[in-house]
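**Q** Coordinates for the following, if possible.
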Amino acid sequence: MNARIILKAGREKPVRQRHPWVFSGAIARTEGALAPGDPVDVLDADGTLLARGYGNRASQIRARLMTWDPDEQPDAGAWRRRLAASVAERAGDGRLAAPDSACRLVFAESDGLPGLIVDRYGPWLVLQALTAGVEVRKAALAKAVAELVAIHTPVEGVFERSDVDVRAKEGLAEATGVLWGAAPPAEILVAEPGAGGRAVVMGVDVAGGHKTGAYLDQADNRRRVAAWCAGADVLNGFAYTGGFGLHALAAGARRVLNIDSSSAALDSAIANAERMGFATAKGDDPLAPELEAAAFACSEGNVFGVLRACRAAERTFDAVIVDPPKFVHSASHVDKAARAYKDLALVALQILRPGGILATFSCSGLLTPDLFQKIVFGAAVDAGRDVAIVERLAQPPDHPVLLSFPEGSYLKGLVCRAR
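**A** Below is the predicted model:
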């Protein structure tokens, strides 16, 4: 028999509306033994069953809900059915068709699998267990998802990248390693369709790279931004391993200057560019002539500082791309983050040539699209430029947003033309 969580009177509305989280403050009492990750029934104050999921007394989110069907249990069969549905959706839109493609296979709550992330990089899968409920099932989940993906495309192994801060809130330590099959190589080559019809090939380090190895949520946006860069002189800020810059060159950009704080990431970017046949250069001075002469140039540095240095030197560009890391980690950070986003947009606009393109992004879920647009508007006012939005960007279909879980929406981008 499952443990039971009884809600306080008047606190059942989010559960009835199928939101998958139950916070500790909404709970009147818990009945029965509830070890981390155990199945749990959630009832209203009158004792009516509302939903089922799994629980964790150590977490502020006391229950993660999986089913509102009174005849369904959150057992191994339910997990596998939801895994199968997620994989089938990605296969249905063609994201598993190419053997060297990459995509997100499971997007946690938005796919009905709270706390579980699974990404695909060619024949290797990467699993993140973000909660206790996934932690206690991860070996079985790794085997199940490998079997389900293998129906569509070969799978050689499942690697765990549960080295994320959020696990501490669940009472879990970080964990990495092989969960199923073979260990991944140091570099996996994956290909993304390019705007100019040429595939963009990138090496991914799933064991040590950012997130699960790459920023899959920007895969479609890299192609869409590149379509605005034909013939352009481009600055790619927060370049990581060069994704936006590689796509821009493949779409016909004249040259790209990539800026990132990580020298190792830029080394990977150089390798990616050389693999595609682009002339490369790397140096400490982003304004050095040898960097300006290369089609794909990389310079280690603070993006805010480099943008200001370009402004001071009157170095201008036809396109500036800024895709910074997450600035907002809690509601108390929103105001400070808004100033940082505005500063980025302001200096980017100040180094854009007339008719130039600014592609600016935020992956901070607590920063709404409306506020982000207002921030860019404020930067345009301060820059004295007339700026028009020519395209709005968001996360791709393999990162779906469940209507009952708006927290799943986090990535927003604006492609703007500065007159």
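
**Q** For the lengthiest strand in the chain, the averaged confidence score.
**A** With secondary structure taken from DSSP state E, the chain has its longest strand at strand 352-362. The average pLDDT within strand 352-362 is 98.

**Q** in it, what counts as buried?
**A** Using 16 or more other C-beta atoms under 10 Å as the test for burial, strand 352-362 gives Leu352, Gly356, Ile357, Leu358, Ala359, Thr360, Phe361, Ser362. No exception for glycine: its C-beta is placed from N, CA and C like everyone else's.

**Q** got it, and stretch 197-214?
**A** Across stretch 197-214, burial judged by 16+ other C-beta under 10 Å covers Val200, Val201, Met202, Gly203, Val204, Asp205, Val206, Ala207, Gly209, Thr212, Gly213, Ala214.

**Q** Looking at these, which are in helices?
**A** If you go by DSSP state H, the buried residues of stretch 197-214 have nothing in helices.

**Q** Poorly predicted segments of the stretch 101-250 of the chain, please.
**A** Within the stretch 101-250 of the chain, not a single segment meets pLDDT under 70.

**Q** Show me where it has its helices.
**A** Using DSSP state H, counting those that start in this stretch, the helices of the stretch 101-250 of the chain run over 132-135, 138-150, 219-226, 243-250.

**Q** Kindly compare burial across those helices and name the winner.
**A** Among the helices of the stretch 101-250 of the chain, ranked by average contacts under mean count of other C-beta atoms under 10 Å, first place goes to helix 243-250 (a mean of 29).

**Q** Before we move on, what's the pLDDT of the residue located most distally from the centre of the chain?
**A** The centre of the chain is farthest from one residue, Asp46, which by C-alpha atoms, centre = their mean lies 40.4 Å away. pLDDT for Asp46: 97.

**Q** Looking at the helices of the stretch 101-250 of the chain, which is nearest to Ser86?
**A** helix 138-150 (8.6 Å; C-beta to C-beta).

**Q** just checking, what packs against that closest one?
**A** helix 76-92, strand 102-107, strand 116-121, strand 124-129, strand 157-162, strand 175-181 (3 or more C-beta pairs under 8 Å, 6 or more residues apart in numbering; DSSP states H and E).

**Q** Of the buried residues of stretch 197-214, which pair is most distant in space?
**A** Taking C-beta to C-beta, no two of the buried residues of stretch 197-214 sit farther apart than Val200 and Ala207, at 22.2 Å.

**Q** picking up where we left off before, the residue farthest from the centre of the chain in helix, strand or coil?
**A** Assigned with DSSP: H, G, I helix; E, B strand; the rest coil, Asp46 falls in the coil class.

**Q** roughly how far apart are it and Ala9?
**A** 8 Å (C-beta to C-beta, to the nearest Å).

**Q** With Gly53 instead?
**A** Taken as C-beta to C-beta, the span from Gly53 to Ala9 is 21 Å.

**Q** residue contacts, the residue positioned nearest the centre of the chain?
**A** Among the residues of the chain, the one closest to the centroid is Asp217, at 4.4 Å (C-alpha atoms, centre = their mean). Asp217 sits next to Arg104, Cys363, Gln395, Pro396, His399, Leu411 when contact means C-beta atoms under 8 Å, 6 or more residues apart in numbering.

**Q** Next one: it relative to Tyr240, how far apart?
**A** To Tyr240, Asp217 is 13 Å away according to C-beta to C-beta.

**Q** Which pair in the contacts of Asp217 has the greatest spatial separation?
**A** For the contacts of Asp217, the farthest-apart pair by C-beta to C-beta is Arg104 and Cys363; their separation is 14.0 Å.

**Q** Check which helix or strand the closest residue to Ala293 other than its chain neighbours maps to.
**A** Take Ala293 and drop its neighbours on the chain: the residue closest to it by C-beta to C-beta, 6 or more residues apart in numbering is Ala281, 7.2 Å away. Secondary-structure assignment from DSSP states H and E places Ala281 in strand 280-282.

**Q** Please verify my assumption that Ala76 contacts Lys143.
**A** No. Ala76 is beyond contact range of Lys143, at 11.0 Å (criterion: C-beta atoms under 8 Å).

**Q** From what I see, Tyr121 and Val204 are in contact.
**A** Yes. Counting by C-beta under 8 Å, Val204 is a contact partner of Tyr121 at 5.2 Å.

**Q** Give me the common contacts of those two.
**A** Ala102, Ile188, Val190, Gly213, Ala214.

**Q** any idea how far Gly356 is from the second one?
**A** Going back to what we said before, that points to Ile188. Using C-beta to C-beta, Ile188 is found at 35 Å from Gly356.

**Q** Let me know how buried Ala76 is, in neighbour terms.
**A** 12 (other C-beta atoms under 10 Å).

**Q** now it, nearest residue through space, not along the chain?
**A** Excluding its sequence neighbours, the residue lying closest to Ala76 (C-beta to C-beta, 6+ apart) is Ala140, at 6.6 Å.

**Q** quick one, domains of this structure?
**A** Structurally, the chain divides into domains by automatic domain parsing as follows: 3-67, 76-181, 215-418.

**Q** so which of the ones you listed gets nearest Ala195?
**A** Of all those, domain 215-418 sits nearest to Ala195, with 4.1 Å by C-beta to C-beta.
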